[in-house]
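S.K.: quick one, fold the following:
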Amino acid sequence: MQSFRSTLHVGVHYKKTFPVTHPLTAFWPERRVIRWTNLAEQLMPAIAAIGLTVQLQFNGLDFLPLALVQALFVLSLPVQAWYWLGNRAKSPLPPPVQSVYDDYAKRLTAMGVQVPTSSGQRNYQQFAELLLLVQRQLGNAE
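M.R.: Got it, this is the predicted structure:
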């Protein structure tokens, strides 16, 4: 089992690789998770700071432990999304998605585009990289 830190790293890489604008990915959970993660990365530090400040202002130092726990929870939300994305990126493709992968790989190979090959079962990270290639080569018409 890989470490927590490497899973987070894979999740951040998967977030950057997955094409959220491709029509094929319209109903995939990654699209929504990535958009919410991007929003959380920007807003959660401010929300945590405001929440901590407001709780201490109105409740005093007696509520410092509770305010810190709440702030840490709010700050952990993007980390939880990166972890989910990292686990998803390492997950093997189910057979229907594998056939879509093979179809797009054949189309790109027929066009003369170098498609990265892998030994063993393909995963969602490889599928995201292939979708990125499809988006660049074939455009959004597919």
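S.K.: now the helices for the chain?
M.R.: Assigned by DSSP state H, the helices in the chain fall at 4-17, 29-59, 64-90, 95-110, 124-138.
S.K.: could you dump these to TSV with mean pLDDT and distance to residue 23?
M.R.: The way it works is simple: take the backbone N, C-alpha and C, and place the C-beta from them, glycine included. TSV is the format used below for the helices of the chain (pLDDT from 0 to 100; distance: least, CB to CB, whole Å):
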stretch	mean pLDDT	distance to residue 23
helix 4-17	96	17
helix 29-59	96	11
helix 64-90	97	20
helix 95-110	90	13
helix 124-138	89	9
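S.K.: now those helices in CSV, please, with extra columns for distance to residue 117.
M.R.: What follows is the helices of the chain, written out as CSV (distance: least, CB to CB, whole Å):
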stretch, distance to residue 117
helix 4-17, 17
helix 29-59, 23
helix 64-90, 18
helix 95-110, 9
helix 124-138, 10
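S.K.: reformat those helices as TSV; add mean neighbour count and distance to residue 116.
M.R.: As requested, these are exported to TSV (neighbours: other CB atoms under 10 Å; distance: least, CB to CB, whole Å):
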stretch	mean neighbour count	distance to residue 116
helix 4-17	17	12
helix 29-59	14	20
helix 64-90	17	15
helix 95-110	13	9
helix 124-138	18	7
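S.K.: so residue 81 touches residue 35, yeah?
M.R.: No. Counting by CB atoms under 8 Å, residue 81 stays clear of residue 35, with 10.3 Å between them.
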